[in-house]
Each structure stands twice: as C-alpha cells, then as structure tokens.
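# Below are the sequence and a predicted model for it; my questions follow.
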Amino acid sequence: MFKEDAAEEYLTTNQGLRINDDQNSLKAGERGPSLQEDFHLREKITHFDHERIPERVVHARGSAAHGYFQVYKSLAPLTKAVFLQDPSIKTPVFVRFSTVVGSRGSSDLARDARGFAVKFYTQEGNFDLVGNNMPVFFIQDALKFPDLVHAVKPEPHHEMPQAAAAHDTFWDFISLMPESMHMIMWVMSDRALPRSYRMMEGFGVHTFRLINDKGQARFVKFHWKPLLGLHSVVWDEAQKISGKDPDFHRRDLWDAIEGGAYPEWEFGIQVVEEKDEQKFGFDLLDPTKLIPEELVPVQRIGKMTLNRNPDNFFSETEQVAFHPGHLVSGIDFSNDPLLQGRLFSYTDTQLIRLGGPNFHEIPINRPVAPVHNNQRDGHMRQAINDGRTSYQPNSLGGGCPMQAKADLGGFVSYAEKMSGTKVRQRSRSFFDHFSQASLFWHSQSEPEQAHIVKAFRFELGKLEVPAIRERMIVMLMQVDPSLAKRVAQGLGLSVPTKSPTLLNESVPADGNPAEYQPKPNKSSASRSSALSMANSVKGGIKTRKVAILAADGVDDADLNGMKKALIEAGAQAKIVAPRLGMLTSAKGAEIHIDFSFLTSSSVLFDAVYIPGGDKNIQALQQEDDAIEFVKEA
C-alpha cells in the first residue's frame with residue numbers, strides 16, 4: 001500500500017501527469033530565459049530543496065533492519081504482555097543501531113556508546129525498547145541531558161571535533177560530575193569500539209516494571225545477548241577503518257543480512273521483587289548503576305532475528321520514531337528520573353524532526369494494531385476519519401471509540417503507593433559514584449585494562465587545559481589508584497597524595513557543597529565476569545571476513561582449498577590482488593578478483609591468508625601495498 005515501484009512505469013509529476021521531457025527546462029527560445037510557467041521545473045526543484053529534514057540531535061548516524069521476535073515460553077506469571085506469553089507468535093520488529101555523538105555523515109567507528117533501539121509491532125500496539133550497548137548512562141537526572149550533549153558535541157566556536165569526545169568541553173563537564181564515572185569507564189573500554197552491530201550487547205538502561213494480570217509488579221532490567229558473542233576492534237584499527245570505510249558497521253550489517261547470515265540476539269531479563277528493591281546497596285532507580293549478573297542472573301526468554309534490510313533508508317531508517325513511552329499492557333515505568341525526562345523529550349523532538357504530530361502515520365511507525373482515537377488534523381494528516389464526533393464522551397457516535405476494560409486490553413498504570421514533599425533534591429542513595437566504576441575496572445582482563453589506560457591517555461592527551469587533566473586524575477584515583485597512576489604516567493603527571501574535599505561541582509546555588517559529595521560505598525560484588533568481553537562466547541569464524549592475498553601464479557590447490565574451507569565454515573573469503581579483473585593461477589585457471597590493494601585494507605578484514613605458488617609469492621613481495629597489508633594484519 002505504501003510502496004512505490006517504478007519498474008516499467010512512465011515518469012510523472014507528483015500529480016500523476018506523464019512527463020515528456022525531463023532533460024530541459026522550458027525557455028523562451030533555445031538560448032532564452034527560463035519561463036515561470038514551467039511547473040515541472042518548479043515542482044522538481046522545490047521538492048529537492050526540501051528533501052533534507054533535521055537530523056537527530058543525538059544518534060543521528062544510524063543503520064537499521066527488519067526482523068522478528070519470539071518468546072521461548074509464556075511469561076504470564078510475570079507480565080500480561082501478550083507478545084511475551086505465546087511462543088507461537090512471531091512479533092515483527094524494526095531495529096536501529098547508531099552512534100550517539102556524530103552527525104549523519106560521521107564514521108561508524110567513533111569511540112562512542114551505540115544506540116540499540118527496538119520497535120516491537122505487537123498485536124496490542126507498538127512497544128519501543130530504546131536502549132544502548134552499555135547498561136548505564138552519564139547522568140542521573142534528565143535535567144542535565146542538554147548540558148551533557150552540549151559538552152560532548154563539537155565546540156561551538158569552531159565546530160570541532162566531529163564524533164569525538166577528546167576535547168576540553170566534554171572532559172571539563174565530566175571532571176566536575178563524578179556521577180559520570182561509571183559510564184566513562186565503559187566508554188573508555190573496548191565496548192565503545194564494537195567489531196559489528198551483530199556482535200554487541202543491548203540494554204534497556206533503566207529499571208522498568210513487569211505487571212501480571214493480577215496487578216502484581218516486579219522490577220525488570222532488559223538485555224540483548226548476541227549469539228555471535230562480544231567482539232571489538234582496537235583503537236588503531238578504528239581510526240584506520242574510519243578513513244578506509246566510514247560505513248564499516250552499516251556495510252557489515254547490510255551484507256550479513258543480504259548474504260543470509262541473519263543476526264540474532266537472545267532477549268534477557270533481570271527480575272527483582274519489589275520487596276527486594278533496597279537489598280543491593282545501590283538504588284534501582286539510578287541509571288548510572290547496573291545489577292551485577294552474579295546477584296540477579298539474566299533469564300534468556302526469547303530470541304530476535306534480523307532477516308530483512310530496509311527498502312529505503314530515508315523512509316524507514318531515518319523516519320522511524322522511537323519513544324520509551326510506547327508501552328503495552330504488562331510493561332510499565334519506574335521513577336528513574338532520567339527515564340521520566342525521556343518520556344517528554346522523545347515526543348518533543350519528533351515534532352520538529354518529522355514535521356508535526358502525525359509522525360505515527362508514517363508507514364515505518366504505524367502499529368499493526370488498529371488505531372482509533374479522537375486525535376485529529378495537524379500537518380500531513382493521512383487518516384480520513386468518518387463520522388461527526390471527535391470527543392469523549394459522546395452519544396452521537398454511540399460512545400465510540402470506546403474505552404477498554406483492563407481484561408479487554410485497556411492499559412492501566414501500575415497503582416504505586418507514593419508520598420512526599422515537592423522538592424528539587426536527589427536521594428542520598430544516588431550518591432555512590434565510584435563503587436561500580438571500580439567494579440567494572442576490576443572485572444576487566446589485563447589486555448582490556450591496558451586498552452582502557454590507553455584510551456584515557458589518548459582522550460586526555462588531546463586537551464588544551466592542563467587543569468582538566470589534573471581533575472580527571474583525581475577522579476580516577478577514586479576508581480582505582482593504580483588506574484590513576486598508569487594514566488598519569490602517560491600524561492606526564494603525578495598522582496596527588498590527597499584528594500580534594502569537593503569532587504562534585506553539580507550543586508544548587510543555595511546548596512551546601514559538602515552535602516552533595518560522593519558517598520563512599522563498597523560494591524555488592526568485587527568482580528563480575530559478565531562485564532569482561534574476554535568471557536564472551538567466541539563463535540568461531542562464522543560470518544568473519546578473510547582476505548586471500550593472491551597474484552598471477554597462485555597455487556590452485558592452496559587457494560581453492562582454503563576458500564572452500566572458509567565458505568563451508570560460514571566465513572566470507574575475498575580475493576585481494578595487485579589489480580582488479582582476473583588472475584591466472586599456476587595451472588592457468590582464471591580467478592575473479594574481489595578487491596585490489598588500493599580498494600581495500602587489512603583493517604577491513606578479520607584475518608589474512610596467503611596461498612603458495614612461487615610466482616605468487618615473488619609478485620606479492622614486489623608490491624609495497626601487499627607488504628603493508630601484511631604488516632597491518
């Protein structure tokens with residue numbers, strides 16, 4: 001209904017009039033001025049002038065795919081959400097992955113968190129799980145979100161750097177906001193440099209609630225676990241890939257799906273009884289905290305498969321509108337103050353980005369569930385509403401559309417008991433800013449710790465203001481003294497013998513700074529194996545990309561045998577040679593070349609193989625690009 005296919009069709013205007021000449025504008029004579037009556041020129045140019053829409057303020061750079069989700073078994077004891085109760089239901093999904101900081105045209109390989117947003121088109125309406133590939137966030141309260149984004153975006157006086165946090169304004173903000181330290185540890189880790197969207201975890205970040213049909217509620221954290229395991233590139237590779245192929249992740253996702261290697265994630269939940277809310281030593285409403293899996297194991301409850309690429313990038317990937325407030329019965333919010341602010345922000349930003357309140361009618365955003373309400377009119381309204389009533393209650397329309405009772409699927413907000421005074425304050429249970437940052441550090445393997453140290457040295461080494469570096473060393477001392485010492489050594493700094501009294505500068509004007517300082521606390525777990533990528537599933541060579549370097553005279557058996565073995569194992573085997581076209585093997589066979597050394601690089605592959613053949617080896621040894629290719633590998 002919404003698709004347009006021009007195959008075997010005539011070119012028309014937007015009004016359906018067939019066009020005879022799309023090569024020349026209407027003029028007064030061959031060399032005369034263009035005429036204002038040229039409606040085709042005006043329509044074509046006007047539409048072109050308005051093709052671009054505002055990009056997302058954050059998560060502008062994204063890639064997406066269609067797929068489906070199936071629950072393994074009924075979760076009826078936990079939730080009345082229908083799509084989580086029937087294993088026979090295949091719920092359609094649309095998933096968008098993204099970087100956070102960079103603009104639409106920036107590199108996929110920036111050091112950054114990654115967005116992981118899933119739209120479930122359930123029978124009860126759309127449910128959006130709008131998360132990241134990291135389980136925590138920089139800030140605790142949504143009021144600080146504009147400050148965070150202003151700090152990390154390119155500096156306003158010269159619009160640099162692009163898609164990077166290695167500059168003064170970001171680290172100035174972080175060095176005064178100790179609540180950010182847990183998230184900073186994640187961003188400085190290999191988690192910020194995924195090998196592929198297919199090889200990273202996803203998290204709902206916030207604490208939500210599951211509600212069953214008896215009205216019983218439990219807290220829940222949502223997880224996505226990739227079946228290919230967790231894998232990353234190193235920083236040097238990331239920088240080189242950004243130059244060689246800034247679309248690396250987008251291309252990887254697209255090619256995998258086109259080739260039938262459908263990405264899969266298991267959907268997991270951590271469930272906490274409401275009576276156990278206070279037993280962890282940290283606040284479940286604090287978005288800078290995670291629940292260690294050793295304390296509450298992740299139950300894997302279903303699987304998501306992505307099996308179809310978008311038909312049109314703009315219509316689907318760019319116009320999709322996610323919102324953490326898109327819920328179905330059986331799922332509800334917690335009082336996480338960051339989540340509460342997001343519930344306003346997402347609708348507000350779609351109004352400007354997508355041009356008005358009817359963005360839900362864009363095909364990619366339309367639910368499969370029927371939509372009947374009294375919302376009317378507005379820019380680009382598509383529905384044609386029958387009848388004379390658009391209000392509730394009414395008698396002229398027979399009371400329709402009717403409110404639905406709970407047992408007929410009507411959404412009923414959880415009846416949470418609450419009381420309190422209207423205040424601008426933060427709970428003291430939010431004041432532990434370092435214990436989980438320390439937990440993350442101590443849970444990493446030695447190579448992962450070394451990468452974190454190098455990341456801090458790189459980021460802080462780019463700063464122009466020495467005082468910001470010094471403040472960050474003080475912050476790192478609170479996480480782990482050895483970490484601070486190793487980072488300081490690379491910056492030519494010494495570690496202070498004593499920390500300043502005031503670490504947190506995020507204090508109200510009338511507040512006592514001493515009352516806003518971090519509260520020391522010991523983590524409820526000393527280490528968590530789930531936090532280290534080294535402990536992830538290592539899924540072998542399946543879907544990995546292998547470069548086979550070859551020249552004329554390559555040994556037939558070596559090349560064909562390895563290529564066959566790689567393909568049978570599910571890998572991609574690509575021939576890379578000094579030129580494009582065809583190679584001639586030692587036995588005279590012609591071999592198609594996939595890439596030349598100029599059109600590829602070893603950093604774009606997971607492994608390199610060089611088959612035998614004296615002529616092949618001699619030819620490659622005389623190619624500077626081939627030697628560099630092997631050195632980089």
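Arrived safely.
# pLDDT (mean, whole number) over stretch 196-207?
Mean pLDDT, computed over stretch 196-207, is 98.
# To clarify, my last question referred to stretch 431-447.
97.
# and it, how far from the chain's centre?
Distance of stretch 431-447 from its chain centroid, counting by Cα atoms, centre = their mean, to the nearest Å, is 23 Å.
# Check stretch 232-252 too.
Per Cα atoms, centre = their mean, the centroid offset for stretch 232-252 relative to its chain is 16 Å.
# mind saving the C-alpha coords of that stretch as CSV?
In CSV, the C-alpha atoms belonging to stretch 232-252 read as follows (Å, rounded to 0.1, in the frame of the first residue of the first chain):
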residue,chain,number,x,y,z
SER,A,232,35.6,-5.3,19.3
VAL,A,233,38.4,-3.7,17.3
VAL,A,234,41.3,-1.9,18.8
TRP,A,235,41.7,1.9,18.7
ASP,A,236,44.3,1.9,16.0
GLU,A,237,42.1,-0.2,13.8
ALA,A,238,39.1,2.0,14.5
GLN,A,239,41.0,5.1,13.4
LYS,A,240,42.2,3.5,10.2
ILE,A,241,38.8,1.9,9.4
SER,A,242,37.2,5.4,9.8
GLY,A,243,39.4,6.6,6.9
LYS,A,244,39.2,3.4,4.8
ASP,A,245,35.5,2.7,5.2
PRO,A,246,33.5,5.1,7.5
ASP,A,247,30.4,2.9,6.6
PHE,A,248,32.0,-0.2,8.1
HIS,A,249,29.3,-1.2,10.5
ARG,A,250,26.5,-0.2,8.2
ARG,A,251,28.0,-2.3,5.4
ASP,A,252,28.7,-5.2,7.7
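# And the contacts of it?
With contacts defined as Cβ atoms under 8 Å, 6 or more residues apart in numbering, stretch 232-252 is touched by 63, 97, 106-111, 190-191, 193-198, 451, 454-455, 458, 533, 600-601, 603-604, 632. C-betas here are computed from N, CA, C, even on glycine.
# Can you give me the buried ones in it?
232-233, 235, 237-242, 244-246, 248-250, 252 (16 or more other Cβ atoms under 10 Å).
# give the contact list for residue 100.
Applying Cβ under 8 Å, 6+ apart to residue 100 gives the contacts 58, 59, 112, 113, 114, 115, 132.
# Of these, which pair is most distant in space?
Pairwise distances among these were taken by Cβ to Cβ; the largest, 11.8 Å, belongs to 58 and 114.
# quick one, which of these two is more surrounded?
Between residue 58 and residue 114, counted using other Cβ atoms under 10 Å, the more crowded position is residue 114 (25 against 19).
# shouldn't that one be in contact with residue 101?
No. With contact defined as Cβ atoms under 8 Å, residue 114 does not reach residue 101; the gap is 10.9 Å.
# So among the contacts of stretch 232-252, which ones count as buried?
Buried, going by 16+ other Cβ under 10 Å: 63, 97, 106-111, 190-191, 193-198, 451, 454-455, 533, 600-601, 603-604, out of the contacts of stretch 232-252.
# Kindly confirm my reading that residue 221 is in a strand.
Yes. According to DSSP: H, G, I helix; E, B strand; the rest coil, residue 221 belongs to a strand.
# ok, it - how many residues close by?
Based on other Cβ under 10 Å, the number of other residues close to residue 221 is 22.
# Now do the same contact list for it.
135, 203, 204, 207, 208, 269, 270, 290, 291, 296.
# Which of the residues you listed sits closest to residue 547?
residue 203 (33.6 Å).
# Report the beta-bridge partners for that closest one.
Beta-bridge pairing of residue 203 under DSSP bridges involves residue 132, residue 223.
# I'd like to know how many residues surround it.
20.
# That one contacts residue 117, correct?
No. Residue 203 is beyond contact range of residue 117, at 11.6 Å (criterion: Cβ under 8 Å).
# what touches both of the two?
Contacts common to residue 203 and residue 117, judged by Cβ under 8 Å, 6+ apart, are residue 131.
# one step back: any chance of the contacts of residue 221 in CSV, with secondary structure too?
Shown next, in CSV, are the contacts of residue 221 (three-state DSSP):
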residue, secondary structure
135, coil
203, strand
204, coil
207, coil
208, strand
269, strand
270, strand
290, coil
291, coil
296, coil
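# which of these are buried?
Those of the contacts of residue 221 that meet the buried threshold are 135, 203, 204, 207, 208, 269, 270, 290, 291, 296, by 16+ other Cβ under 10 Å.
# And the helices in the stretch 501-633 of the chain?
For the stretch 501-633 of the chain, the helices defined by DSSP state H, counting those that start in this stretch occupy 556-568, 614-621, 624-632.
# actually the stretch 351-500 of the chain, sorry about that
Ranges of helices within the stretch 351-500 of the chain are 435-442, 446-461, 466-479, 481-491, based on DSSP H, counting those that start in this stretch.
# any idea which of those helices is most buried?
helix 435-442 (a mean of 23; mean count of other Cβ atoms under 10 Å).
# For residue 402, see how far away the residue lying closest to residue 399 once chain neighbours are set aside is.
Excluding the flanking residues, the one nearest residue 399 by Cβ to Cβ, 6 or more residues apart in numbering is residue 393, at 6.4 Å. Going from residue 393 to residue 402 by Cβ to Cβ, to the nearest Å gives 10 Å.
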